[in-house]
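In: prediction below, plus the sequence it came from.
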Amino acid sequence: MKLILLGPPGAGKGTQAQRLVEKHGIPQLSTGDMLRAAVKAETEVGKRAKAVMDAGELVSDEIVNAIVAERIDQDDCAKGFILDGYPRTLAQADAVADMLAERGLHLDVVIELVVDDKALVGRILKRAEEAHAAGQPVRKDDNAEVFEERLREYYKKTAPLIGYYYANDLLKQVDGMADMDDVTAQIEAVLAAVTH
Ligand SMILES: Nc1ncnc2c1ncn2[C@@H]1O[C@H](COP(=O)(O)OP(=O)(O)O)[C@@H](O)[C@H]1O
C-alpha cells in the first residue's frame, strides 16, 4: 500500500503516520524527519536545507525528490510506504508519479486531513511546550512567527495538490479536527475501502 498523508503543518500527519506504521508494518517516509536528520548530521544536503527550514520555507524540489527517490528503493519499502510531508509542491507530485511509474508502481490513495487553521497554531505551540517540558529538543520552526510562514507556504504551494489529486481520483478527505482515535478510524475505513 502506497499512500500520501496531506494536510497543513500541525494537522496530525506524523501522529497518524506512526499509527499506520504499527498497524500495517510499512514505513513512514517523512521528508521533514529526513531533512532534520541531514541537518543534524551536517551533510551537504543538511547544510543547504537548514536556513530554509528554520525560516519555515520549503527546501528545493530537487533536494527532496532526490531524498525520496533514494529512500523508496530500500528493502523496507517493498510492501509500501506512507509519504508524510511529501509531495508538497505540484512539481514534487509530478516527480513522485514519475518515480513510481518508473518502478511499475502507483499510489493507492491520498488522504487529506482537513483541519481548521485557527486550531493549528495552538497545536504547534503545544507540541513545542510538551517537548520543552519533557526535556526534548524543541523544533526551531515550532514557534508562532515561523508557523505563520509555514502555513503561508502550505496554502501557496501545497494546497493546490488537493485539486490535483481530486482530479486524479485519488483524494479522500477525513475530518482532522476529530479525536485522534477517531481520525485513525476514519483513515482505516478509507484504506479498507481502497484496498478491497
Ligand atoms: N516535501 C518537502 N518539500 C520541501 N521542503 C520540505 C518538505 N518536507 C519537509 N520540508 C522542510 O522541512 C520543514 C519541516 O517539515 P515537516 O516536519 O514535514 O513539517 P510540518 O510539521 O510543518 O508539517 C518544512 O517547513 C520545510 O522547510
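Out: Everything's here; your move.

In: can you give me the helices for this structure?
Out: Defined through DSSP state H, the helices belonging to the chain, from first to last, are 13-24, 31-40, 44-54, 61-72, 90-102, 117-133, 144-153, 160-167, 180-195.

In: mind putting those helices into TSV with mean neighbour count, mean pLDDT and distance to the ligand?
Out: Backbone N, C-alpha and C define where each C-beta goes, glycine included. As requested, the helices of the chain are arranged in TSV below (neighbours: other CB atoms under 10 Å; pLDDT from 0 to 100; distance: least, CB to the nearest ligand atom, whole Å):
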stretch	mean neighbour count	mean pLDDT	distance to the ligand
helix 13-24	17	97	6
helix 31-40	18	96	2
helix 44-54	16	96	4
helix 61-72	17	97	4
helix 90-102	15	98	6
helix 117-133	14	90	7
helix 144-153	16	92	5
helix 160-167	15	98	11
helix 180-195	15	96	16
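
In: for Val110, find the nearest of the ones you listed.
Out: With CB to CB as the criterion, Val110 lies closest to helix 160-167 of those, at 4.2 Å.

In: JSON lines please, covering the helices of the chain and showing distance to Asp84.
Out: Formatted as JSON lines, the helices of the chain follow (distance: least, CB to CB, whole Å):
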{"stretch": "helix 13-24", "distance to Asp84": "4"}
{"stretch": "helix 31-40", "distance to Asp84": "8"}
{"stretch": "helix 44-54", "distance to Asp84": "16"}
{"stretch": "helix 61-72", "distance to Asp84": "11"}
{"stretch": "helix 90-102", "distance to Asp84": "13"}
{"stretch": "helix 117-133", "distance to Asp84": "15"}
{"stretch": "helix 144-153", "distance to Asp84": "15"}
{"stretch": "helix 160-167", "distance to Asp84": "14"}
{"stretch": "helix 180-195", "distance to Asp84": "12"}
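
In: who are the contact partners of Ile187?
Out: Applying CB atoms under 8 Å, 6 or more residues apart in numbering to Ile187 gives the contacts 16, 20, 111, 174.

In: let's see that with 10 Å instead.
Out: By CB atoms under 10 Å, 6 or more residues apart in numbering, the residues touching Ile187 are 3, 5, 16-17, 19-20, 23, 109, 111, 113, 172, 174, 176.

In: keeping just the C-alphas, turn stretch 24-40 into PDB.
Out: Backbone C-alpha positions of stretch 24-40 (Å, rounded to 0.1, in the frame of the first residue of the first chain) are rendered in PDB as follows:
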ATOM      1  CA  HIS A  24       0.300  -2.100   8.600                       C
ATOM      2  CA  GLY A  25       4.100  -2.700   9.000                       C
ATOM      3  CA  ILE A  26       5.000  -0.200   6.300                       C
ATOM      4  CA  PRO A  27       7.500   2.600   6.900                       C
ATOM      5  CA  GLN A  28       6.700   6.300   7.300                       C
ATOM      6  CA  LEU A  29       8.700   8.400   4.900                       C
ATOM      7  CA  SER A  30       8.700  11.900   6.500                       C
ATOM      8  CA  THR A  31      10.800  14.300   4.400                       C
ATOM      9  CA  GLY A  32      10.800  16.700   7.400                       C
ATOM     10  CA  ASP A  33      12.400  14.000   9.600                       C
ATOM     11  CA  MET A  34      14.800  13.000   6.900                       C
ATOM     12  CA  LEU A  35      15.800  16.700   6.400                       C
ATOM     13  CA  ARG A  36      16.200  17.200  10.200                       C
ATOM     14  CA  ALA A  37      18.400  14.100  10.300                       C
ATOM     15  CA  ALA A  38      20.500  15.600   7.500                       C
ATOM     16  CA  VAL A  39      20.800  18.900   9.300                       C
ATOM     17  CA  LYS A  40      21.900  17.100  12.500                       C
END
